[in-house]
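*Asks:* fold the stuff below for me.
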Amino acid sequence: MVSPNYKKTGTLAGDPNGVAYQKHMLLLLYERAANDAHFSNLRLATEMKDAGKFDDAVLSWNCDAARRRSKQQNWLFVQVKHKSSKKLNQSDLFPTLNPDRAKMEFSIFKYLLSFWEIKHSNAFEGSKQFVIFTNAGLNEQIRHWFVSADADCGDILKLPTPKRELLKLKPPDDILEQLYHYGSEEFNDLIESIKALFFEQASSFDETLFRKYRAAINCKILMVRKNSIVFSPGFIKMKNLDYSERLLRRRLFPENYTVERIAALSVRNELLKQILSVKDKSSARLPPAIEMAEVGEFLRLLIFAVNQPSNGEFEKIIKKELSQVCPVEPRELYGEMAYNAMQDIIDRWLQCKDGFYLEGSTLNNRLRKSDCASTSAGRRLASSSQSLFDTGEKEVADTNRAKPAGVAAAIAENLQLCQRAAPEIGSGTIKIVLPTSNQFTAFEHPLPVLPYTAGMLIERQK
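*Replies:* Below you'll find the model as predicted:
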């Protein structure tokens, strides 16, 4: 079962184009999923700490299980990258000459590590797919490394633009070896160092490696007992160990090693004792232990969405889709209103310090109850998530009712409420002023109509 809350890495910040691109992805995923019955129990997250480098958008849902007899949890992890006039080449994807290659923007090395951590996390049980979504293209020199992935990707990420491509990466064998070596080198080195210390009584060891992972090794793997260093009882008996710790235990000792035999092992090394005894900010997790088979699995589950639309075109696509799902006229107007409403909700959601999922029909309730960046922000958030038409005397829409999943659907439903209340409202027209592209676009529309967003200025014309 998915928890309703998650730890955030922080609030959204950085390059304005990149921030806007991430917001558009969140808008697209939420509205498409909310209007598709296939996405049961949908949840949308962003800036999720446990998602590692795939934290821009995390969508979770259950399949409609009418034909499967059971519901399967599904996860879609999306990382978006907005670039101006950029074509990806080999050094972008596999920066092998850069010692800090895991931090490069499009580095497959860092995404492989995040995949591995997600795979072995209890937080993400079920089917998974990973996407790198960018408006950048591919350099022709590496295009032969890619094959079409249209058949492997759901419609939720397919956009109606002629140049967009959904691809899978199939690099040559030497690149696969580099990925495996990068994802397992430190773990294998740690095994060899521990073996040398305990089985060969070696006086030297990889000091840098032990300092880097001191917090993960101390007490969980090794412990200081008087003047000796021994294996910890939990590690010996394989109790309360995570995946990496269990794997280390199996790799260190053959099956015929008894618990008593392992407990009798000890070593005296003053430098190692000093390293284990000093408190510092070292990693609390062991290095990754990626198998070659997992490298292949990652590449099968990873989709490169390249040549995707930039922000301006992305916005037009979302507005058009919102207008199409709204069953009332004028659809263009309500598509614009729905887009502004959703953008306002997404913006306020991103300001919240605590991470919580946007959840289909419970969206408005979650927003009103969330612990946001400030009390005033919370009040504005609650206000913007209500569907009201205030005549000065009464509220026409019932705010206690559960709102539909789609914003466009909510507009249509509440418009019908206003129509039923038309005799009480009276006649006339209203001017709806929408802030679009730093300008104000005015529409005149006969009463009744529902203004569904705090981002609009509504003026009743006498």
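*Asks:* how far away from the center of its chain is the longest helix seen in the chain?
*Replies:* Among the segments of the chain that qualify as a helix by DSSP state H, the longest is helix 173-199. Relative to its chain's centre, helix 173-199 lies at 29 Å (C-alpha atoms, centre = their mean, to the nearest Å).
*Asks:* what separation is there between the closest residue in space to Met223 that isn't next to it in sequence and Ser193?
*Replies:* Nearest non-adjacent residue to Met223, counting by C-beta to C-beta, 6 or more residues apart in numbering: Ser232, 4.7 Å away. Heads up, the C-betas are built off the backbone N, CA and C, glycines and all. Note on Ser232: its distance to Ser193, by C-beta to C-beta, to the nearest Å, is 17 Å.
*Asks:* same thing with Asn307?
*Replies:* When Asn307 is compared with Ser193 (using C-beta to C-beta), they lie 46 Å apart.
*Asks:* Leu247 now?
*Replies:* Distance, Leu247 to Ser193, using C-beta to C-beta: 16 Å.
*Asks:* doesn't Lys170 make contact with Arg300?
*Replies:* No: with contacts counted by C-beta atoms under 8 Å, Arg300 stays clear of Lys170, the gap being 9.6 Å.
*Asks:* low pLDDT regions in the stretch 201-350 of the chain?
*Replies:* The stretch 201-350 of the chain contains residues with pLDDT under 70 at 326-329.
*Asks:* hey, where'd the helices end up in it?
*Replies:* 207-212, 214-217, 233-237, 243-252, 259-263, 270-277, 292-301, 311-325, 331-351 (DSSP state H, counting those that start in this stretch).
*Asks:* contacts only, for the closest residue to Leu59 other than its chain neighbours.
*Replies:* Among residues not flanking Leu59 along the chain, Leu76 sits closest, at 4.3 Å (C-beta to C-beta, 6+ apart). Residues counted as contacts of Leu76 (C-beta atoms under 8 Å, 6 or more residues apart in numbering) are Leu29, Ala57, Val58, Leu59, Ser60, Lys128, Gln129, Val131, Gly154, Ile156, Leu157.
*Asks:* phi first, then psi, for the third one.
*Replies:* By that I understand Val58. Dihedral pair for Val58: phi -130, psi 110, per degrees, to the nearest 10.
*Asks:* if I look at it, how far off is Ser85?
*Replies:* For Val58 relative to Ser85 (C-beta to C-beta), the value is 29 Å.
*Asks:* count of neighbours near Arg211?
*Replies:* Using other C-beta atoms under 10 Å, Arg211 has 14 neighbouring residues.
*Asks:* and the closest residue to Asp36 other than its chain neighbours, what does it touch?
*Replies:* Closest residue to Asp36 apart from its sequence neighbours, by C-beta to C-beta, 6+ apart: Ile156 at 7.5 Å. Applying C-beta under 8 Å, 6+ apart, we find Ile156 in contact with Leu28, Leu29, Arg32, Ala33, Asp36, Phe39, Leu59, Leu76.
*Asks:* what score does Gly426 have for pLDDT?
*Replies:* We have a pLDDT of 43 for Gly426.
*Asks:* same question for the one 10 residues further on.
*Replies:* Thr436 carries a pLDDT value of 43.
*Asks:* low-confidence ranges in the stretch 51-200 of the chain?
*Replies:* In the predicted model of the stretch 51-200 of the chain, residues 64-71, 97-99, 101-102 satisfy pLDDT under 70.
*Asks:* recalculate using a threshold of 90.
*Replies:* 62-73, 83-86, 91, 95-105, 122-123, 152-154, 162-163 (pLDDT under 90).
*Asks:* and Val147, what element?
*Replies:* strand 146-148 (DSSP states H and E).
*Asks:* and Lys128, by the same measure?
*Replies:* strand 127-134.
*Asks:* what packs against that strand?
*Replies:* strand 73-81, helix 108-119, helix 292-301, strand 302-306 (3 or more C-beta pairs under 8 Å, 6 or more residues apart in numbering; DSSP states H and E).
*Asks:* list the contacts of the second one.
*Replies:* For helix 108-119, contacts defined as C-beta under 8 Å, 6+ apart pick out 50-54, 77, 79, 93-95, 101-104, 124, 128, 130, 132, 169, 179, 182-183, 288, 290, 294-295, 297-298, 301-302.
*Asks:* C-alpha coordinates for it, CSV please?
*Replies:* The C-alpha atoms that make up helix 108-119 are tabulated as CSV, following Å, rounded to 0.1, in the frame of the first residue of the first chain:
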residue,chain,number,x,y,z
ILE,A,108,23.3,7.2,-17.7
PHE,A,109,25.6,6.3,-14.8
LYS,A,110,23.7,8.4,-12.2
TYR,A,111,20.3,7.2,-13.6
LEU,A,112,21.5,3.6,-13.3
LEU,A,113,22.2,4.1,-9.6
SER,A,114,18.8,5.6,-9.0
PHE,A,115,17.1,2.7,-10.8
TRP,A,116,19.0,0.2,-8.6
GLU,A,117,18.0,2.0,-5.4
ILE,A,118,14.4,2.2,-6.5
LYS,A,119,14.3,-1.5,-7.5
